[in-house]
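In: based on what follows, work out the 3D shape:
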Amino acid sequence: QLVESGGGLVQPGGSLRLSCAVSGLTLDYVDIGWFRQAPGKMREGVSCITYSDRRTYYSDSVKGRFTISRDNAKNTVYLQMNNLKPEDTAIYYCAVDLVGNSWILGREFDYWGQGTQVTVSS
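Out: Prediction:
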């Protein structure tokens, strides 16, 4: 089970930190991704962190503003979002990749959370 939290309403330029608490599965050997879906748009990948070398990946739209991290001891993954823009408004989901390299290969992740709403507006 994956449970996202930390979403909310924030003004442009503000920050939020999303959390993804994972249960029933250890994070030690899986890659974790954050995705988002805005109204009327397709879901897009935001960021991913691998388990093996903790390599991180970001979409061009968030690079330099968002930071993904993981705390395997807490079985939790975080997404620190700074300098938020109205176009970041979306439902944010975390997901687990059991196979590996799905982010790079564009494969579907295996397990998904229910999402948390992020709204950036003045």
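
In: tell me where this protein has helices.
Out: 102-105 (DSSP state H).

In: which residue ranges form the strands in it?
Out: 2-5, 8-10, 16-22, 31-37, 44-49, 56-58, 66-71, 76-81, 90-97, 111-112, 116-120 (DSSP state E).

In: isn't Cys20 up against Asp71?
Out: No - between Cys20 and Asp71 there is no contact under CB atoms under 8 Å: 10.6 Å. For every residue, glycine as well, the C-beta is placed using N, CA and C.

In: what packs against the worst-scoring helix or strand of the chain on mean pLDDT?
Out: Ranking every helix and strand in the chain by mean pLDDT, DSSP states H and E puts helix 102-105 at the bottom, with a mean of 90. Of the remaining helices and strands, those touching helix 102-105 by 3 or more CB pairs under 8 Å, 6 or more residues apart in numbering; DSSP states H and E are strand 31-37.

In: any stretches of this structure with poor pLDDT?
Out: Nowhere does the chain drop to pLDDT under 70.

In: go again with 90.
Out: 24-30, 51-54, 71-73, 99-101, 104-106 (pLDDT under 90).

In: so who does the residue nearest the centre of the chain touch?
Out: Central residue of the chain (CA atoms, centre = their mean): Trp34, 2.1 Å from the mean position. Contacts for Trp34 (CB atoms under 8 Å, 6 or more residues apart in numbering) come out as 18, 20, 45-48, 68, 77, 79, 92-95.

In: if you set the cut-off to 10 Å instead, what comes out?
Out: Trp34 sits next to 4, 18, 20, 45-49, 58-59, 62, 66, 68, 77-79, 81, 92-95, 113 when contact means CB atoms under 10 Å, 6 or more residues apart in numbering.

In: can you check Leu84 too?
Out: With the criterion set at CB under 10 Å, 6+ apart, Leu84 makes contact with 10-16, 62, 65-66, 118-121.

In: ok, Glu87 next?
Out: Contact analysis of Glu87 by CB under 10 Å, 6+ apart lists 12, 38, 61, 120.

In: go with 8 Å
Out: Counting by CB under 8 Å, 6+ apart, Glu87 has contacts 38, 61, 120.
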